[in-house]
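**Q** Below is the sequence, then the predicted model.
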Amino acid sequence: MKKKGMVIIMNFAEKILNLRTEYGYSQETLAEKLNVSRQAVSKWESGTTLPETDKVIALSDFFGVSTDYLLKDNIQRNSQDSLDRIVLKFLGSAKDMDNISEELVEIMRDGIIDDEEKIKMESIIETLDTISQIISEIKQKINMQ
């Protein structure tokens, strides 16, 4: 990361790492969401490799940033997402919420939470934390308007 005046310039690897941690995702979770290996995400973040074009587009859609922002070192991210964009992000998590309900029913079916189900619960909690962050962003935007 380089500072040029007041502008911070980041390369692709730094941007992906920054976005992933900002949204609270592990490398493994991001990899699952993009249907790639955790090692692929690790290589992107270390700058060893760049993802294929379809994965750059998927990353752009997933994090709500432009492909220009991801690929060009001198493009800044719009840190002030509009309320509309944040609500769309929330609506995009509706599928995750449906999956959580189904997973919780399956976990509780036998009334006992085993080790494998605890791992699923950790993933559910991580997803709920992300959804909670989005809800907080919506509340913040509403209060600012």
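**A** Cool, got the structure.

**Q** ok, and for the longest helix along the chain, which residues are buried?
**A** Looking only at the chain and at elements set by DSSP state H, the helix with the highest residue count is helix 115-144. Judged by neighbour count using 16 or more other Cβ atoms under 10 Å, the buried positions of helix 115-144 are 117, 120, 123-124, 127, 130-131, 134, 137, 141. The C-beta positions use only the backbone N, C-alpha and C, and glycine is treated the same way.

**Q** could you pull out the strands for the chain?
**A** Along the chain, counting by DSSP state E, strands occupy 2-4, 7-9.

**Q** Which of these comes out lowest on mean pLDDT?
**A** Comparing the strands of the chain by mean pLDDT, the weakest confidence falls on strand 2-4, with a mean of 50.

**Q** ok, how many other residues are close to the nearest residue to residue 18 once chain neighbours are set aside?
**A** Distance criterion Cβ to Cβ, 6 or more residues apart in numbering; nearest residue to residue 18, sequence neighbours excluded, is residue 10 at 6.7 Å. Residue 10 is surrounded by 19 other residues when neighbours are defined as other Cβ atoms under 10 Å.

**Q** any idea how far residue 10 is from residue 121?
**A** 34 Å (Cβ to Cβ, to the nearest Å).

**Q** One more: residue 142?
**A** Residue 142 sits 31 Å away from residue 121, going by Cβ to Cβ.

**Q** now residue 89
**A** Here residue 89 is placed at a distance of 24 Å from residue 121 (Cβ to Cβ).

**Q** And for residue 104?
**A** For residue 104, the distance to residue 121 (Cβ to Cβ) stands at 8 Å.

**Q** Same question for residue 18.
**A** 28 Å.

**Q** Show me what the mean pLDDT comes to for stretch 131-140.
**A** Here the mean pLDDT over stretch 131-140 is 83, rounded to a whole number.

**Q** again, but for stretch 104-112
**A** Mean predicted lDDT for stretch 104-112 stands at 88.

**Q** For the chain, which helix or strand comes out least confident on mean pLDDT?
**A** Within the chain, judged by mean pLDDT, DSSP states H and E, the helix or strand with the poorest mean is strand 2-4; its value is a mean of 50.
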